[in-house]
Structure formats: structure tokens, C-alpha cells
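Asker: sequence unknown, structure follows:
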């Protein structure tokens, strides 16, 4: 269940306005969902009326919707493919979509950067491993953030180099799963289609527990009712 704030002008085409708000949430970190929503489905607008609080112009609309969320947990091991190597970090790509970065401080002892070969190599004690562009790497999630350029980035620490014959994304398949943000089923399906991704998020298995975004319900505020307009 999700609470949205719409302007009164949106009431004449409320379903279209709700879809526009939900589409604006896609591929952006949402703390209430515990990760990054990839897609949504089974939209249902609840009730026949919505609330206006005090003198605020927004109309509060409650909807039930199912999100597919990318939500790696802190401490979870994930796999990715190296797409950038530098002397201060290693960049990776998860599911060909999400960026991850391993700072040099998170590289294990024994690894050094080879500027001539543009790769990280380990000594004999560490097994003489090599981290270069195209290498499959297992790493531990340390957090999720949005960069100044608007990119979603997983902060990581190095775990191990994966064998070349291991299917790409075998560990990453456990990262993302469908998180249901609704509590009631509905046959209404929005125009947005569920994203094609090899992973699905299991309920309460990956994302930390977060309360869903709720509409404001202060006990001492005055409420008035505004009739909803018919949807498209």
C-alpha cells in the first residue's frame, strides 16, 4: 500500500496521474521499498474519495501496487563483471544494469595495481589472481547510494575471483527479487510492463524491513473530502 500526493487538477484523470507518479519512481532508490524499483504491476486505486489535510494543496491517494525491486542486503555476496580498472578502485556491472565499485582499501592484502597491464594482481600467497576488465568477481555489498551524476551504485569489498566457466550472474540472481508493496490483489494492470531481469526478489528475504510510504494521518489535522474524478 502506497500513499501518493496529487494536485487537484489530476483528479479528472486520476489513473493516468497515478501511473505517471509510479513511473517516476522507477530506477530510483526508494527507502520505503528498501531498494530500487525496476517495474510495477497490479495497480489498484483504493477507495472512492481522498483526503486533503489543512490548507495543503495536495490530494492524498492510496494505491495498492506490486513492485519488482533491486535490493541487495548489506553483507550479502554478489557477483559482477569488471568493466573498469584503476589504481584507486575496481568498477563492476551487476546484471548488465547496476554499477558497483570496490575501493582500493577494500581490496585484500597481497593485491597490487599493475599500471602496465592495467589490472590488479595478487602475490603467490594469494594464489596469483588477476582482476582485469572482463573478470568475474564475487564481492560483498557494503551499501547502496546514488552518485552525483544520478547513477545507482553498490559499494563493495572484494571477496574472490570467480572461474571463467561460471555462468555470469549466478550469485547476482539472488540479489533482486519481486517485493510486493501491496496487501490486496487486483486484476487491474498498468501500462508499464514488468522489467525483464533474471532475478526476482523474495518477500522479506533481501531488503531490510522498511515501513511502506504512508499518507499523512495526523490526529489533530482537519480533513476534508474531495471527490475523485473517473479514471481514463
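Answerer: It's in. What you see is a predicted model, and the numbers here were worked out from it, not measured in a lab. Residues are numbered from 1 along each chain as shown.
Asker: do you know how far residue 16 is from residue 135?
Answerer: 46 Å (Cβ to Cβ, to the nearest Å). (C-beta placed from N, C-alpha, C; glycine too.)
Asker: Would you mind telling me which of those two has more residues around it?
Answerer: Comparing residue 16 with residue 135 by other Cβ atoms under 10 Å, the one with more neighbours is residue 135, at 20 against 13.
Asker: now this structure, which segments are flagged as low pLDDT?
Answerer: 126, 150, 164-232 (pLDDT under 70).
Asker: can you give me the strands for it?
Answerer: 2-6, 36-45, 49-53, 59-70, 77-85, 89-94, 98-103, 111-114, 119-122, 130-131, 136-146, 152-161, 176-180, 223-227 (DSSP state E).
Asker: Go through the third one and flag the buried ones.
Answerer: Okay, so that is strand 49-53. By neighbour count with 16 or more other Cβ atoms under 10 Å, strand 49-53 contains the buried residues 50, 51, 52, 53.
Asker: Next, the angle from it to strand 59-70.
Answerer: For strand 49-53 against strand 59-70, the angle by axes from the mean of the first three to the mean of the last three Cα atoms, to 10 degrees is 100 degrees.
Asker: before we move on, what about the first one?
Answerer: Direction vectors for strand 2-6 and strand 59-70, defined by the same axes, to 10 degrees, enclose an angle of 130 degrees.
Asker: Quick check: which helices or strands does strand 2-6 pack against?
Answerer: If contacts are counted by 3 or more Cβ pairs under 8 Å, 6 or more residues apart in numbering; DSSP states H and E, strand 2-6 sits against helix 14-23, strand 59-70.
Asker: what helices or strands is the first one leaning on?
Answerer: Meaning helix 14-23. Helix 14-23 packs on strand 2-6, strand 36-45, strand 59-70, going by 3+ Cβ pairs under 8 Å, 6+ apart.
Asker: thinking again about what came up before, just the helices and strands packed on strand 2-6: most buried one?
Answerer: Highest mean neighbour count of those: strand 59-70, a mean of 23 (counted as mean count of other Cβ atoms under 10 Å).
Asker: Could you check the angle it makes with helix 14-23?
Answerer: Using the same axes, to 10 degrees: strand 59-70 against helix 14-23 is 40 degrees.
Asker: now the angle from strand 59-70 to strand 36-45?
Answerer: Using the same axes, to 10 degrees, strand 59-70 lies at 140 degrees relative to strand 36-45.
Asker: would you list the strands of the chain in TSV and tack on distance to residue 24?
Answerer: As requested, the strands of the chain are exported to TSV (distance: least, Cβ to Cβ, whole Å):
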stretch	distance to residue 24
strand 2-6	10
strand 36-45	10
strand 49-53	19
strand 59-70	13
strand 77-85	27
strand 89-94	23
strand 98-103	19
strand 111-114	41
strand 119-122	39
strand 130-131	37
strand 136-146	15
strand 152-161	15
strand 176-180	18
strand 223-227	22
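Asker: Any idea which of those strands gets closest to residue 25?
Answerer: strand 36-45 (5.4 Å; Cβ to Cβ).
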